[in-house]
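Asker: how does the following fold in three dimensions:
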Amino acid sequence: MKINKWRYLAGVVLIVCAYGISSCAANSLYSVDMRYDAVSAVIPAYLIADSKAQGKTVAVAEFTDTRQMDDRLVIGRVAEKDGMKTLVFPKHKKANQAIAQGIKEYLGKAGYKVTAKIQKWDLSEENMPKISSRILVGGNIEELEITCRRGFPTNSYKATIKLNIIIADLASGKIIYKRTVESVSSQEHVSFSEERLGDQASIALSDAIEKVFEEKALAQKIMEVLSAP
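Answerer: Next up is the predicted model:
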């Protein structure tokens, strides 16, 4: 009986130690899924592609990350209860790829024929990719920060994103539109999770993408280029 008792105690100690080690390892970093889901997007009537625009393709370029930081894979920080700060990284796609994919999905929902491949572009007129598409959408990430301050009784979540959007007419080789959009999302919640971090990032990203195309002037320029012979 004594042997079994000591074996039981030893097993409990091992389980506690393993839990403690796994908890520390889990807090060494956080990874979140930042993405845009166009399924529920409400496309403005003036942006929906007409019959002339549907026959020509639109290409999207991977965004350039211009944030002033050492490691641009980092997309945020969590202030733990003990005062330590834990870095937040993307789970599936880099931030610049997630933004480009979101724009692709939004334009597809609006009825445009969007090329499958995400292009590389340095945003200059001299180095536009040599492709058959008529319009190219790109830009850069000026600001992207997902934060959480863990506390009691609630945790404070916040996501901020600022994008510079550049749209080019590939036929003429000219940039036809530039715009800066910014979005902030925040939430107080009693629980903490990587999923909630990702939710705030996705809300901010979705809002920023939809802001890009809310101007009628941009929609008109897109229609003019795609409707031209």
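
Asker: which parts of stretch 163-171 are buried?
Answerer: Neighbour counts over stretch 163-171 (16 or more other CB atoms under 10 Å) mark Leu163, Asn164, Ile165, Ile166, Ile167, Ala168, Asp169, Leu170 as buried. C-beta coordinates here come from the backbone N, C-alpha and C atoms, glycine included.

Asker: who touches that stretch?
Answerer: By CB atoms under 8 Å, 6 or more residues apart in numbering, the residues outside stretch 163-171 that reach it are 59, 63, 99, 123, 125, 128-129, 131, 133-142, 174-182, 208, 212, 218, 221-222, 225, 228.

Asker: give me the buried subset of these.
Answerer: Among the contacts of stretch 163-171, those scoring as buried are 59, 63, 99, 123, 128, 133-142, 175-177, 179, 181, 208, 212, 218, 221-222, 225 (criterion: 16+ other CB under 10 Å).

Asker: and those, which of them are in strands?
Answerer: Among the buried ones among the contacts of stretch 163-171, the ones falling in strands (DSSP state E) are 59, 135-142, 175-177, 179, 181.

Asker: and which of those is nearest to Ile48?
Answerer: Distance to Ile48 across these (CB to CB) is lowest for Ile135, with 15.5 Å.

Asker: now do the same for that closest one: its pLDDT.
Answerer: With respect to pLDDT, Ile135 has a value of 96.

Asker: relative to Ser124, how far out is it?
Answerer: Relative to Ser124, Ile135 is positioned 16 Å away (CB to CB, to the nearest Å).

Asker: SS state for Ala159?
Answerer: For Ala159, the assignment made with DSSP: H, G, I helix; E, B strand; the rest coil gives strand.

Asker: which residue comes closest to Arg150 once chain neighbours are left out?
Answerer: With sequence-adjacent residues excluded and distances taken as CB to CB, 6 or more residues apart in numbering, Arg150 is closest to Lys81, at 5.1 Å.

Asker: what about the one you found, how many residues close to it?
Answerer: 11 (other CB atoms under 10 Å).
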